[in-house]
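Colleague: With the input below, show me the fold.
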Amino acid sequence: MATITKLQRPDGTVYKARIRRHGSEGETSRTFKTRNAAERWARKVESSIEQDDAGLVSVAQKHTLNEAIDRYRREILPGLNPTTIPNYTRHLTYWSNTLGHLRLSDLTAAKIAACRDDLATVPMVGKTPESIPACRAPATVRHYLATLAAVLTACQQEWHWIADTPMRQVSKPTANNARSRFLSEDELNRLLTACRASRSPDLLLAVMLSITTGARQGEILGLRWKDVDLSAGVLRLRVDNENTVKGGIKTLPIVAQVRPLLADRLTTYRQGKVADLTGSGLVFPSRVSLNQPVDLRKPFENALARAGIEGFVWHDLRHSAASFMAANGASLLEIGAVLGHKCAQTTARYAHLTEQKSHTLVRDTADKLLGGKS
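Modeller: Now for the predicted structure:
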């Protein structure tokens, strides 16, 4: 029941509305300049309390996006691939700063879309004073949206805070910033030579695993010894998170040239970690923290410089692996299976690499069946 009290203050008369919830301790109060304003506020609060008592206030009205993000950080983020956690953390910080104050019931597709547009059009501050501010690439904006979608999916499916996610109504920018940079065989040989001369004990093995498996950098650097089966000659790479719907285990072969390097490293690992029987340690741990993967950005850049290779980034090793597979007769379907593509459209960028092999196959088949040279 609301109580309106008239108060005299040095600056004039005010009206204080007090509402004490039945059966609970404490009260809610607010001061207004007019009695009408105090009564309107009291009626609104009393109506909200009555709806809450009757179960008419939705769970989405009781939780903010910040609460959801905090819970996601505590319960789900630690279980993701260690190499993806920094990116997720950066994305979560952005959403917390921009929309975190909103109740989940007030988080609309229009508000998310406005942030999407800002992400794509507002230039980022450069990492160094000399850096030129640049806008985020479409693929980067998609990653920000994907992180928010993961939080809202947990709100819907795990914690039952919302009935549906507004992300279904938010379109994603076309990721048209795909690269098509491939190593030639000569460039590959120069790069491997530079990696062998590197001061980093991790670089050569990591690069060879990348170029022979086509795995992503995060999958390679997040590799744990329990994922390495030398006797069977395979790696069992965790995709995103093996406990999520989109995640899983991808099995790839360990080639003969890489197996001795892995075997030597495993021997060293066992000598230094006799008590670790689970094999949960990282294959490429950081020197700062054994729970974080090593940072190979600088060693890789130095190796590229020594090899005289320009316009190349680590992810291009994955593209190069696909180009080498295509050159040796692999089909688009086979390339997509090795790289773990869920969409055939993603693999289509390598179509031109398989065309020459396909044309040769057609000509050879015609020559055999029809005779002569086509």
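Colleague: how distant is stretch 225-242 from the center of its chain?
Modeller: Computed by C-alpha atoms, centre = their mean, to the nearest Å, the chain-centroid distance of stretch 225-242 equals 20 Å.
Colleague: do the same with stretch 12-19
Modeller: 51 Å.
Colleague: Now do the helix or strand harbouring Arg142: everything it contacts.
Modeller: Element membership for Arg142 (DSSP states H and E) is helix 138-153. Residues outside helix 138-153 that contact it (C-beta atoms under 8 Å, 6 or more residues apart in numbering): 65, 68-69, 72, 76, 87-88, 91-92, 94-95, 107, 112, 116, 119-120, 136, 162, 165-167, 170, 172-178. Quick note: C-beta positions are derived from backbone N, CA and C, even for glycine.
Colleague: before we move on, what SS does the nearest residue to Arg35 once chain neighbours are set aside have?
Modeller: Of all residues not flanking Arg35 in the chain, Tyr15 sits nearest, at 4.9 Å (C-beta to C-beta, 6 or more residues apart in numbering). What DSSP: H, G, I helix; E, B strand; the rest coil gives for Tyr15 is strand.
Colleague: For Ala232, see how far away Tyr15 is.
Modeller: 79 Å (C-beta to C-beta, to the nearest Å).
Colleague: Between the two, which has more neighbouring residues?
Modeller: Neighbour totals were compared for Tyr15 and Ala232, and Tyr15 leads with 19 against 11 (other C-beta atoms under 10 Å).
Colleague: Tell me if I'm right that that one and Arg30 touch.
Modeller: No: look at Tyr15 against Arg30 with C-beta atoms under 8 Å: they stay out of range, at 9.7 Å.
Colleague: so what sits against both of these two?
Modeller: Shared contacts of Tyr15 and Arg30 (C-beta under 8 Å, 6+ apart): Ala38.
Colleague: quick one, helices of the stretch 51-200 of the chain?
Modeller: Assigned helices in the stretch 51-200 of the chain, in chain order: 65-75, 85-99, 109-121, 138-153, 185-196 (criterion: DSSP state H, counting those that start in this stretch).
Colleague: quick one, what contacts the residue nearest to Arg43 when sequence neighbours are not counted?
Modeller: Sequence neighbours aside, Ala2 is the residue nearest to Arg43 in space, at 7.6 Å (criterion: C-beta to C-beta, 6+ apart). Neighbour list for Ala2: Ala17, Arg18, Ile19, Glu39, Ala42, Arg43, Val45, Glu46 [criterion: C-beta under 8 Å, 6+ apart].
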